[in-house]
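> A structural model of the following input is requested.
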Amino acid sequence: MVLILVLGDLHLPHRAHDIPAQFKKLLVPNKIQHIFCTGNLCTKETYDYFRSLASDVHIVKGDFDENTTFPEDKVVTIGQFKIGLCHGHQIIPWGEQEALARLQRKLDADILITGHTHEFKVWDYDDKFFINPGSITGAFGGLSNNVVPSFALMDVQGQKVTTYHYQLIDSDVKVAKIDYSIAGKKGEKK
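Below you'll find the predicted structure:
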C-alpha cells in the first residue's frame with residue numbers, strides 16, 4: 001500500500017490564510033509516502049510544511065508560485081502506475097477533457113493529475129484516469145469564487161488505485177471513494 005496526498009492551488013497567503021483546521025487534523029506526518037502538488041503553494045513555508053508530512057514531495061509550477069525552479073510537468077512511477085503531474089494553466093481550454101488527454105498522451109501517463117480550475121473532478125477517458133484535486137484551502141480561482149475546499153488521497157495497491165475525495169462542506173469533512181484499475185476498469189464513485 002502506497003498513500004499519495006494529492007492537492008494544489010493553495011494560494012497561501014494571497015487568497016487564503018491557511019489549510020482548514022479540519023483538514024490539517026487529518027494530515028499526520030509519516031502516514032503518507034508521497035505528496036503530489038499541482039502548484040500554487042506560493043511560499044517556502046508551505047513547501048516546508050509538506051516536507052514535514054512526507055519525504056517524497058512532487059510539485060509542479062503553478063502560475064503564482066514564487067519558486068521558479070519547479071518543473072512545468074513531471075512523471076513519477078508509483079508501483080505499476082505512471083502518474084503525470086501538471087498545474088494546468090498551460091492547457092487551453094482550462095480543464096477541458098480532450099486538451100488534458102493530449103497532455104496525458106504526451107507524458108505517457110496512466111493517471112494525470114492537474115489543477116488550476118480549483119474544482120475537484122475525477123474521470124476516466126480512453127482507459128486513463130484523470131484527477132483534479134481542487135483547492136485544499138478553498139481559495140477563489142479565475143473560474144469561480146465559490147470554491148469548496150478539497151483534496152484527494154490515493155491508495156495504490158498493485159493494479160488498483162483507490163482515490164478518496166475529501167471536501168469541507170459546512171465545516172464537516174465529507175469523503176467519497178473512487179476506484180480505478182490499470183486493466184482499464186472505469187472509475188466508479190461510491
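> where exactly do the helices run in the chain?
Taking DSSP state H to define them, one finds helices in the chain at 21-24, 44-53, 97-107.
> Which one of these lies nearest to residue 166?
Of all those, helix 21-24 sits nearest to residue 166, with 6.9 Å by Cβ to Cβ. (C-beta placed from N, C-alpha, C; glycine too.)
> which of the residues in the closest one are buried?
residue 23 (16 or more other Cβ atoms under 10 Å).
> Convert that helix to PDB, retaining C-alpha atoms only.
Extracted C-alpha coordinates of helix 21-24, given in PDB (Å, rounded to 0.1, in the frame of the first residue of the first chain):
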ATOM      1  CA  ALA A  21      -8.000  23.000  10.600                       C
ATOM      2  CA  GLN A  22     -10.400  20.100   9.800                       C
ATOM      3  CA  PHE A  23      -8.000  19.000   7.000                       C
ATOM      4  CA  LYS A  24      -4.800  19.700   9.000                       C
END
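> Quick one: mean pLDDT for it?
What helix 21-24 shows for mean pLDDT is 96.
> With stretch 65-84 instead?
Stretch 65-84 carries an average pLDDT of 92.
> contacts for it?
With Cβ atoms under 8 Å, 6 or more residues apart in numbering as the test, stretch 65-84 has contacts from 2, 4, 34, 36, 39-44, 47, 58-61, 85-87, 90, 103-104, 107-113, 156-159, 161, 182.
> How about stretch 29-38?
Against stretch 29-38 from outside (Cβ under 8 Å, 6+ apart): 2-9, 50, 52-60, 62, 76, 78, 83, 85-88, 113-116, 132-133, 153.
> least trustworthy helix or strand in the protein by mean pLDDT?
Across the helices and strands of the chain, mean pLDDT, DSSP states H and E gives its lowest value to strand 188-189, namely a mean of 46.
> Separate out the buried members of the contacts of stretch 65-84.
Members of the contacts of stretch 65-84 that pass the buried threshold by neighbour count (16+ other Cβ under 10 Å) are listed as 4, 34, 36, 39-43, 47, 58-61, 85-87, 90, 103-104, 107, 109-113, 156, 161, 182.
> In strands, which of the contacts of stretch 29-38 appear?
2-7, 56-59, 76, 78, 83, 85-86, 113-114, 132-133, 153 (DSSP state E).
> mind showing which ranges of this structure have poor pLDDT?
142-144, 183-190 (pLDDT under 70).
> One more pass at 90, please.
In the prediction, the chain carries residues with pLDDT under 90 at positions 11-17, 30, 41-44, 63-68, 88-99, 117-118, 123-127, 140-146, 181-190.
> buried subset of the contacts of stretch 29-38?
Among the contacts of stretch 29-38, those classed as buried by 16+ other Cβ under 10 Å are 4-9, 50, 54, 57-60, 62, 76, 78, 83, 85-88, 113-116, 132-133, 153.
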